[in-house]
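Sequence and predicted model, in that order:
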Amino acid sequence: MKQVLRSGKFKVTVNQVFEQVINACSVVPREGQEGTWITDDMKQAYINLHRLGHAHSYEVWQENELVGGLYGVQAGRVFCGESMFSRASNASKMALISLCQSGLYNLIDCQVHTEHLESMGARFVSRKDYLHILQGEA
């Protein structure tokens, strides 16, 4: 990813096209999955949270085309990632790296522990530790 970061291949924006990101997350096919949990009612709820300043998106652009991104909900200095998508190799990773490098969060909740996320530095956090972090005690 260091080469991708240095290449300038992608441009990242924040909260510029939240609705496009959530819509893409709901339709871009995922390996090993059929359909999506992101219903129209869920989309509207997250859009409302975004309008209230609680949900945020990171958008990845390549030659003025939206090729990747992620969205989630902010709870203090915790970002709860909800979904991400990619239409170009490494685009969703670029969104995640930008989120990590923002310095805005003490914790990014990926919600599901996977080997892929672990390879990018994620680690399992116990419920007890997670609650302490949410309460601002860590």
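Okay, I see it.

any idea how far residue 74 is from residue 56?
6 Å (CB to CB, to the nearest Å). Bear in mind the C-beta positions are built from the backbone N, C-alpha and C, glycine included.

Also residue 43?
With CB to CB as the criterion, residue 43 and residue 74 are 18 Å apart.

Once you drop chain neighbours, what's closest to residue 67?
residue 88 (3.9 Å; CB to CB, 6 or more residues apart in numbering).

element containing residue 122?
Secondary structure assignment for residue 122, by DSSP states H and E: no helix or strand.

so how many other residues sit close to the residue lying closest to it once chain neighbours are set aside?
Nearest non-adjacent residue to residue 122, counting by CB to CB, 6+ apart: residue 110, 5.5 Å away. Here the count is done by other CB atoms under 10 Å, and residue 110 has 21 residues near it.

any idea how far residue 11 is from residue 110?
Taken as CB to CB, the span from residue 110 to residue 11 is 24 Å.

ok, now residue 104?
Residue 104 sits 19 Å away from residue 11, going by CB to CB.

Please name the residues that touch residue 105.
74, 77-79, 99 (CB atoms under 8 Å, 6 or more residues apart in numbering).

Tell me where this protein is predicted with low confidence.
Along the chain, the model assigns pLDDT under 70 to residues 1, 5, 28-35, 137-138.

I figured residue 55 hits residue 75, correct?
No - if you go by CB atoms under 8 Å, residue 55 and residue 75 don't touch, sitting 10.7 Å apart.

Please identify which of those two sits among more neighbours.
The residue with more neighbours, out of residue 55 and residue 75, is residue 55; 21 against 14, by other CB under 10 Å.

What helix or strand is the residue lying closest to that one once chain neighbours are set aside located in?
With sequence-adjacent residues excluded and distances taken as CB to CB, 6+ apart, residue 55 is closest to residue 49, at 3.9 Å. Using DSSP H and E, residue 49 sits in helix 40-51.

Distance from the chain centre to whichever helix or strand comes after that helix, please.
Later in the chain than helix 40-51, the nearest helix or strand by DSSP H and E is strand 55-62. Relative to the chain's own centre, strand 55-62 is displaced by 8 Å; criterion: CA atoms, centre = their mean, to the nearest Å.
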